[in-house]
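In: The following comprises the amino acid sequence and a computationally predicted model.
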Amino acid sequence: MAMLQPSVTITPAAEKFMRRMVRFSGFPGGGFRLTVAPGGCSGYTSEFSVEPEPKSGDAELGVNGLRVFLPAASRLLLDGVTVDFADTPMASGLSFFNPNAEACGCSTAGEAKAPAQASVSVASIRRV
């Protein structure tokens with residue numbers, strides 16, 4: 001039985017970041033393993049590591065030759081999500097845009113609910 005592949009979009013900026021992480025990891029033939037969990041104000045917390053091979057239960061996505069490993073729970077959360085990379089003076093890291101989710105209720109001002117967006121700072125990432 002084939003695993004369902006999530007319809008996750010990885011922007012060119014995120015792909016470039018992931019490639020750079022793999023290239024400098026010591027596992028040049030390995031893959032970028034992205035783990036996403038519910039949490040945080042905007043709906044997602046995430047961690048990543050570079051692995052020589054996918055772990056048991058991981059699905060492997062091919063992104064222009066880049067290997068991206070997604071654990072089962074992450075595949076469910078990332079279905080329909082766009083993964084981007086932002087590098088600004090204020091923040092640097094992966095961000096997640098889910099057009100199907102509502103924004104969190106951290107602010108009660110205004111009635112409009114924008115799509116949920118989350119980011120993870122590169123500074124907060126520890127090597128595994």
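Out: That came in fine, so what should we check first?
In: From now on I want contacts and neighbour counts done on CA atoms only, so please keep to that.
Out: Noted.
In: which strands and helices sit next to the longest helix belonging to the chain?
Out: Of all the segments of type helix in the chain, defined by DSSP state H, the longest one is helix 12-23. The contact analysis (3 or more Cα pairs under 8 Å, 6 or more residues apart in numbering; DSSP states H and E) places helix 12-23 against strand 31-38, strand 82-87.
In: tell me what the first one is packed against?
Out: Packed against strand 31-38 by the contact rule (3+ Cα pairs under 8 Å, 6+ apart) you find helix 12-23, strand 44-51, strand 66-70, helix 72-78.
In: so which of the ones you listed gets nearest Ser92?
Out: Comparing the helices and strands packed on strand 31-38 by their distance to Ser92 (Cα to Cα), the top pick is helix 12-23, with 10.6 Å.
In: Okay, buried residues for the closest one please.
Out: Buried residues in helix 12-23, counted by 16 or more other Cα atoms under 10 Å: Ala14, Glu15, Phe17, Met18, Arg19, Met21, Val22.
In: Then stretch 67-87?
Out: So stretch 67-87, judged by 16+ other Cα under 10 Å, has buried residues 67-72, 74-78, 80-86.
In: Is there a neighbour count for Ser7? I'd like the number.
Out: 13 (other Cα atoms under 10 Å).
In: Tell me if it really is in a helix.
Out: No: according to DSSP: H, G, I helix; E, B strand; the rest coil, Ser7 belongs to no helix; its state is coil.
In: residues touching it, list them.
Out: Residues near Ser7 by Cα atoms under 8 Å, 6 or more residues apart in numbering: Leu78, Asp79, Gly80, Val81.
In: May I see those residues arranged in a markdown table, with pLDDT and distance to Gly26 as well?
Out: Formatted as a markdown table, these follow (pLDDT from 0 to 100; distance: Cα to Cα, whole Å):
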| residue | pLDDT | distance to Gly26 |
| --- | --- | --- |
| Leu78 | 90 | 27 |
| Asp79 | 87 | 30 |
| Gly80 | 89 | 31 |
| Val81 | 90 | 29 |
